[in-house]
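Participant: Here is the input, now give the coordinates:
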Amino acid sequence: MAKLYFYYASMNAGKSTNLLQADFNYRERGMATMLWTAALDDRADHHAIESRIGLGADAHRFTAATDLFGAVTALHAAGAAIGQPLACVLVDEAQFLTPEQVWQLARVADEAGIPVLCYGLRTDFRGALFPGAAALLGIADALVELKGVCHCGRKATMNLRVDAEGKAVRDGAQTEIGGNDRYVALCRRHFSEALGS
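Facilitator: Below is the predicted model:
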């Protein structure tokens, strides 16, 4: 039985690297995959999905209006017609999925029988759940925490947003795309200290 997986972590914990490794493993066995990432994250220089260690791959880009169930099942049917059905769907930046899209991906697993592996952040820079992450935490068949490391050596679970001077940012839009220049992965203790909580 196919499952819906949610691999979550703080920034810089290797989520994209893990996704790309899983994709490679399927493709090395001659299996077809379909990769997705959020259209609003346009930081990648060469590929739609890029890891900090230099790995990358092309991917479809989703917006809030994308019908993921329709797109995946259409490609699956076209591939099955030539003997190459989809073996797996992999989604990067899954925190940006809408709750409806998470349910669509659950249908991909349940009705089409295709495993769906989602990778993303659990919480934003204030410690609040992203809507896509909340839906995945609620309905995914398997939850897997990938470990990031705080500067103190503890597990990093929080994402601190910083300004150009490296000072903690407390307010702003939930979504602001950025990398190491805008976010620092911290344990809860150092996150709270940085915010003066």
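Participant: Run through the protein and note the low-pLDDT ranges.
Facilitator: Low-confidence segments of the chain (pLDDT under 70): 41-47, 50-53, 168, 171-181, 197.
Participant: where do the strands sit along this structure?
Facilitator: Using DSSP state E, the strands of the chain run over 4-9, 32-38, 49-50, 56-57, 60-62, 86-91, 116-121, 142-145, 148-149, 155-156, 158-161, 183-186.
Participant: Look up the closest residue to Asp163, ignoring the ones flanking it.
Facilitator: Distances taken as Cβ to Cβ, 6 or more residues apart in numbering place Val169 nearest to Asp163, at 5.6 Å, with adjacent residues excluded. All C-beta spots, glycine's among them, are computed from the backbone N, C-alpha and C.
Participant: Could I get the contacting residues of the one you found?
Facilitator: 125, 161-163 (Cβ atoms under 8 Å, 6 or more residues apart in numbering).
Participant: got it, and Met1?
Facilitator: Met1 makes contacts with Gly113, as judged by Cβ under 8 Å, 6+ apart.
Participant: what about it, distance to Ala142?
Facilitator: As for Met1, its distance to Ala142 is 12 Å (criterion: Cβ to Cβ, to the nearest Å).
Participant: what's the answer for Asn25, then?
Facilitator: Using Cβ to Cβ, Asn25 is found at 17 Å from Ala142.
Participant: same thing with Tyr5?
Facilitator: 5 Å.
Participant: Give me the more crowded residue out of these two.
Facilitator: Per other Cβ atoms under 10 Å, whichever of Tyr5 and Ala142 has more neighbours is Tyr5, with 23 against 11.
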